[in-house]
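# Dropping a prediction and its sequence here:
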Amino acid sequence: MKRLLSTFSAILCFGISVVAQTHFDSKVEFGVRGGVTFSNVMFKPSITSTFGIGYTGGVTFRYSEENHFGLIAEVNLVQRGWAEKFEDLPYKYQRTLNYIEVPIMSHIYFGRRGRFFINAGPEIAYYLGDKIHSNFDYTDTSGLKGFNDKNRRTEQLTMQVSQKLDFGIVGGLGGEFSINRRNTLAVEARVYYGIGNVMPSGRQDTFNLSNQLSIGVTAGYWFRIK
């Protein structure tokens, strides 16, 4: 009986191994990506703002199998922030927040040489610093013509970022084309929603909420190493 069970177990393990090798051929790839971002900070109480333009780029790692599933890890430099909206006034103000971000995403794809894919997962980002582009003195707006006619909030113009770490959820849709067995080109549109607040959000602070929303459009290149 023991010999029979041992033989059966060996046959079962061999069968599982054959099936796995037949149906779930794995791939390991490294790549690079880069593109443009459109981002805003959703303040509450709200301010008059619009999407600011920035850039993103980084390196990527992907493990995938032929069952249409995989995992992606990235390390990117990304620019977020917001731009003040002045309508018919001649003023300009954009604040760019620089981060290094690390998303870990599930990767679901359909197709072979030409693919459609969905990426989704959590992300953590570390704040590196910011830069302000303005055509007026944002530290003193009292003498600017028409600037405060609509009771415009100005605290956010000089307020310092209080949270170095930002957590959020990221999801993307895209497509890719395999040039050959080892080289692949890809394009993707991705949305990031921050869960934490960027600015101070205590009871005595101006804003209760200040979480980030970012839309990125990128092109990328994958190189298969396995």
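Sure thing, it's come through.
# what residue ranges in the protein are flagged as low confidence?
Flagging of the chain using pLDDT under 70 yields the residue ranges 1-24, 149.
# Give me the longest strand you can find in it.
As assigned by DSSP state E, the longest strand anywhere in the chain is strand 114-134.
# then it to CSV, C-alphas only?
Extracted as CSV, the C-alpha positions of strand 114-134 are listed here (Å, rounded to 0.1, in the frame of the first residue of the first chain):
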residue,chain,number,x,y,z
GLY,A,114,-0.9,42.8,-29.1
ARG,A,115,-2.4,43.1,-25.6
PHE,A,116,-4.9,45.1,-23.6
PHE,A,117,-4.1,45.3,-19.9
ILE,A,118,-5.4,46.6,-16.5
ASN,A,119,-3.2,47.5,-13.6
ALA,A,120,-4.3,48.3,-10.1
GLY,A,121,-2.9,48.4,-6.6
PRO,A,122,-1.6,50.4,-3.6
GLU,A,123,1.1,53.0,-3.8
ILE,A,124,3.4,54.8,-1.3
ALA,A,125,5.2,58.0,-2.2
TYR,A,126,7.9,60.1,-0.4
TYR,A,127,7.9,63.9,-0.8
LEU,A,128,11.2,65.3,-2.0
GLY,A,129,10.4,69.0,-2.3
ASP,A,130,8.4,71.5,-4.3
LYS,A,131,8.7,74.4,-6.7
ILE,A,132,6.4,77.3,-7.3
HIS,A,133,6.0,79.1,-10.7
SER,A,134,4.2,82.4,-10.3
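# Adjacent strands (with direction) for that strand?
Neighbouring strands of strand 114-134 in its sheet, by DSSP bridges, are strand 93-111 (antiparallel), strand 165-178 (antiparallel).
# In a markdown table, list those strands along with distance to Gly220 and mean neighbour count.
Bear in mind the C-beta positions are built from the backbone N, C-alpha and C, glycine included. Supplementary listing: the strands paired with strand 114-134 in a markdown table, determined by distance: least, C-beta to C-beta, whole Å; neighbours: other C-beta atoms under 10 Å:
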| stretch | distance to Gly220 | mean neighbour count |
| --- | --- | --- |
| strand 93-111 | 13 | 18 |
| strand 165-178 | 8 | 17 |
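# can you redo these as JSON lines with distance to Leu209?
What follows is the strands paired with strand 114-134, written out as JSON lines (distance: least, C-beta to C-beta, whole Å):
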{"stretch": "strand 93-111", "distance to Leu209": "16"}
{"stretch": "strand 165-178", "distance to Leu209": "13"}
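# between the ones you listed, which gets nearest to Val36?
Nearest of these to Val36, taken as C-beta to C-beta: strand 93-111 at 12.7 Å.
# Export only the CA atoms of the closest one, formatted as CSV.
Output of strand 93-111 as CSV, limited to C-alpha atoms (Å, rounded to 0.1, in the frame of the first residue of the first chain):
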residue,chain,number,x,y,z
TYR,A,93,0.5,80.2,-10.0
GLN,A,94,1.4,76.6,-10.2
ARG,A,95,2.9,74.5,-7.4
THR,A,96,4.8,71.4,-8.3
LEU,A,97,5.3,68.7,-5.7
ASN,A,98,8.1,66.2,-6.4
TYR,A,99,7.8,62.6,-5.1
ILE,A,100,9.5,59.3,-5.5
GLU,A,101,6.7,56.7,-5.7
VAL,A,102,6.6,52.9,-5.4
PRO,A,103,3.4,51.3,-6.7
ILE,A,104,2.8,47.5,-6.4
MET,A,105,0.1,46.5,-8.8
SER,A,106,-1.7,43.4,-10.0
HIS,A,107,-1.5,43.1,-13.8
ILE,A,108,-4.3,41.5,-15.8
TYR,A,109,-3.9,41.2,-19.6
PHE,A,110,-5.6,39.8,-22.7
GLY,A,111,-4.1,38.9,-26.0
